[in-house]
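Chemist: Below: sequence and its predicted model.
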There are 2 protein chains.
Amino acid sequence: MVSAPLPARAREADSKARLRLWIRLLRASRLIEGVARERLKAQFNATLPRFDVMAALDRKPDGMLMSEISRFLMVSNGNVTGIVDRLVGDGLAVRSQRNGDRRTSFISLTRKGRAAFAQMAAAHEVWVNELFGALSARDAEQLSAKLKSFRSDWESEA
Amino acid sequence: MVSAPLPARAREADSKARLRLWIRLLRASRLIEGVARERLKAQFNATLPRFDVMAALDRKPDGMLMSEISRFLMVSNGNVTGIVDRLVGDGLAVRSQRNGDRRTSFISLTRKGRAAFAQMAAAHEVWVNELFGALSARDAEQLSAKLKSFRSDWESEA
C-alpha cells in the first residue's frame, strides 16, 4: 500500500483538526445567536443587530462615528444607518456634532437608551450563562485566552 | 465598605467569564466568516450561504430534503430555496423524487457540483488553517472537545 510520508500526513491531520474546530465554533455561535435572536424579539421586541449596536454605543459614552460602529460590528454602514435611525426615532440614541465639525455626527445612547440596554444586557448574560452552563469558569477563561491569542495574529488582515 | 458575600461575587466572576468567552467566540466567527465571504466571492464568485448549502449536500450523496438542509444550516427555508434554485440552474445540483413520492423532492449535487465544491472546500481549508495558524493542532482539538461537550447539553433547546 502506498501512503503519504508521515510529515505530510501529520500536517493533513493538523489541518483537519483546525477545520473541525472552525466548524464547531461556527455552529456554536450560530446556535447561540439563534437563541439570543428569538429571546430578544420575544422579550424586548428587539433584533440582534439593534442589540449589537446598542452594546457598541454603551461602551462609548462620548459617542461613536457611524464608521466606528460598523467596524466594531463588522457589518455594512448601510445596515447601521437604518438601525441608528430607528434608535434615534425611539429616543434611545442621539446624533450630535463635535468641535464645530458639522459634516460628521457622533451617535450616543440617551439615558433612556442606556437603561433599555442595561435590561437587555442583564437578560443576555443570563442566557449566555445558561447556554454555556456546562463549561466551568476556568474552561471559559482558557478558551477565551486561546481565542484571543490566535485572533491578534490575523486581526490586521481581516 | 459593604460588598457582596464571596459566593455571590464568585458567581458573578464566573458569569462574566462565560460572557467574555461568548463575545470572543462571536467576534472570531464573524471575522473568519468575513474573510471566507470575501474570498469565496473573489475566487469562486460564490456566496457563503451557497458554500454552506453545497457543504451540506456534499455530505449526503443520497440527497437531502429542503427541511433537512435548513435544519443543518440553521437558516430559513426561504433562503435555502433560492440558493437551491440557483444551484439547479447552474447544473450543480438536481431535484429528484424517491419511492414514488411526488410531493417531496430530494436535492443532491451533480458530478459537476461535487467537483466545484471540492475546489472551494480545499481553498476554504487553506484559509482556515491560515487564520487558525497560531493554534497548535492539540489546542484546536482541545477547543473542539470543549465546544462539543457544552453543545450537546443544550442542543435540544436551540
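Modeler: Perfect, thanks for sending it.

Chemist: which residues in chain A form helices?
Modeler: For chain A, applying DSSP state H gives helices covering A:6-44, A:48-58, A:66-73, A:77-89, A:111-131, A:137-154.

Chemist: Go through those and name the closest to B:Arg71.
Modeler: helix A:6-44 (11.5 Å; CB to CB). Every residue, glycine included, has its C-beta placed from N, CA and C.

Chemist: List the buried residues in that closest one.
Modeler: Neighbour counts over helix A:6-44 (16 or more other CB atoms under 10 Å in any protein chain shown) mark A:14-15, A:17-22, A:24-33, A:35-36, A:39-40, A:44 as buried.

Chemist: What of stretch A:61-74?
Modeler: Result for stretch A:61-74 [16+ other CB under 10 Å]: buried residues A:Gly63, A:Met64, A:Met66, A:Glu68, A:Ile69, A:Ser70, A:Phe72, A:Leu73.

Chemist: Tell me how far the strand ranked longest in chain A lies from the chain's centre.
Modeler: Secondary structure of chain A per DSSP state E: the longest strand is strand A:101-109. Its chain's C-alpha centre and that of strand A:101-109 lie 23 Å apart, by CA atoms, centre = their mean, to the nearest Å.

Chemist: hmm, who's touching that strand?
Modeler: A:54, A:57-58, A:60-66, A:69, A:84, A:87-88, A:92-98, A:117 (CB atoms under 8 Å, 6 or more residues apart in numbering or on different chains).

Chemist: let's see it at 7 Å
Modeler: A:54, A:57-58, A:61-66, A:69, A:84, A:92-98, A:117 (CB atoms under 7 Å, 6 or more residues apart in numbering or on different chains).

Chemist: got a list of what A:Asn79 touches?
Modeler: A:Pro49.

Chemist: Export the helices of chain A as TSV, with columns for distance to B:Phe106 and mean pLDDT.
Modeler: Formatted as TSV, these follow (distance: least, CB to CB, whole Å; pLDDT from 0 to 100):
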stretch	distance to B:Phe106	mean pLDDT
helix A:6-44	23	85
helix A:48-58	33	92
helix A:66-73	38	85
helix A:77-89	36	88
helix A:111-131	33	94
helix A:137-154	38	72
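
Chemist: got JSON lines for the ones you listed, with distance to B:Ala145 too?
Modeler: Formatted as JSON lines, these follow (distance: least, CB to CB, whole Å):
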{"stretch": "helix A:6-44", "distance to B:Ala145": "9"}
{"stretch": "helix A:48-58", "distance to B:Ala145": "28"}
{"stretch": "helix A:66-73", "distance to B:Ala145": "30"}
{"stretch": "helix A:77-89", "distance to B:Ala145": "35"}
{"stretch": "helix A:111-131", "distance to B:Ala145": "17"}
{"stretch": "helix A:137-154", "distance to B:Ala145": "10"}
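
Chemist: B:Val128 is nearest to which of the ones you listed?
Modeler: helix A:6-44 (4.7 Å).

Chemist: So which elements touch the closest one?
Modeler: In terms of contacts (3 or more CB pairs under 7 Å, 6 or more residues apart in numbering or on different chains; DSSP states H and E), helix A:6-44 is packed against helix A:48-58, helix A:111-131, helix B:6-44, helix B:111-131, helix B:137-154.

Chemist: Dump those helices into JSON lines; add distance to A:Ala140 as well.
Modeler: As requested, the helices and strands packed on helix A:6-44 are exported to JSON lines (distance: least, CB to CB, whole Å):
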{"stretch": "helix A:48-58", "distance to A:Ala140": "19"}
{"stretch": "helix A:111-131", "distance to A:Ala140": "10"}
{"stretch": "helix B:6-44", "distance to A:Ala140": "4"}
{"stretch": "helix B:111-131", "distance to A:Ala140": "22"}
{"stretch": "helix B:137-154", "distance to A:Ala140": "9"}
